[in-house]
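> let me see the structure of the following:
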Amino acid sequence: QVQLVESGGGLVQPGGSLRLSCAASGFTLDYYAIGWFRQAPGKEREGVSLISSSDGSTYYADSVKGRFTISRDNAKNTVYLQMNNLKPEDTAVYYCATDYFGKLLAGIPHYWGQGTQVIVSS
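This is a model prediction of the structure:
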């Protein structure tokens, strides 16, 4: 069955970097878009970044543009989120999800990982 497993979260100081990984199994990543979402305590879940299956088009939330980079390695069936210049407001549980690009853009993908915690604090 479809499974997504995130890793790479942790505690980092403001201005630091982390790289999140999303390992996919049970399906071929080539044919599906992948997105990263996050949810901070007391806040609604928000889309952070998406990458399409077809041409590798990417989308970033305004709050992370210029700091986060999404990429995919289809050979490893893995998607990455490189996060630089992290800020305290980036603190959240980060989830990867997969479905068709339109559903990811609408925030309603069918398949979700279990999440990985990112804490940005001094």
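
> now the spatially most central residue of the chain, nearest residue through space, not along the chain?
Centroid-nearest residue in the chain: residue 36, 2.3 Å away (criterion: CA atoms, centre = their mean). Counting by CB to CB, 6 or more residues apart in numbering, residue 36 lies nearest to residue 48, which is 4.4 Å off, once chain neighbours are set aside. Any C-beta I mention is one placed from the backbone N, CA and C, and that applies to glycine too.

> contact partners for the one you found?
35-38, 60-61, 64, 68, 81, 94 (CB atoms under 8 Å, 6 or more residues apart in numbering).

> return the helix or strand it falls within as CSV; C-alpha atoms alone will do.
Secondary-structure assignment from DSSP states H and E places residue 48 in strand 46-51. Extracted in CSV, the C-alpha atoms of strand 46-51 (Å, rounded to 0.1, in the frame of the first residue of the first chain):
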residue,chain,number,x,y,z
GLU,A,46,-0.8,25.1,5.6
GLY,A,47,0.9,24.1,2.4
VAL,A,48,4.6,24.8,2.3
SER,A,49,5.9,23.5,-1.0
LEU,A,50,4.8,21.3,-3.9
ILE,A,51,6.6,19.6,-6.8
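
> which other residues reach the helix or strand just after that strand?
With elements assigned by DSSP H and E, the helix or strand that comes after strand 46-51 is strand 58-60. The contact list for strand 58-60, computed with CB under 8 Å, 6+ apart, reads 47-52, 68, 70, 105.

> just the buried positions in strand 58-60, please.
By 16 or more other CB atoms under 10 Å, the buried positions in strand 58-60 come out as 59-60.

> what are the pairing partners of it, and which direction each?
strand 46-51 (antiparallel) (DSSP bridges).

> what's the average pLDDT for the partner strand?
Across strand 46-51, the average pLDDT comes to 96.

> from the chain's centre, how far out does it sit?
Per CA atoms, centre = their mean, to the nearest Å, the displacement of strand 46-51 from the mean C-alpha position of its chain is 6 Å.

> tell me which stretches of the protein form strands.
All strands of the chain, identified by DSSP state E, fall at 3-7, 10-12, 18-25, 33-39, 46-51, 58-60, 68-73, 78-83, 92-99, 111-112, 116-120.
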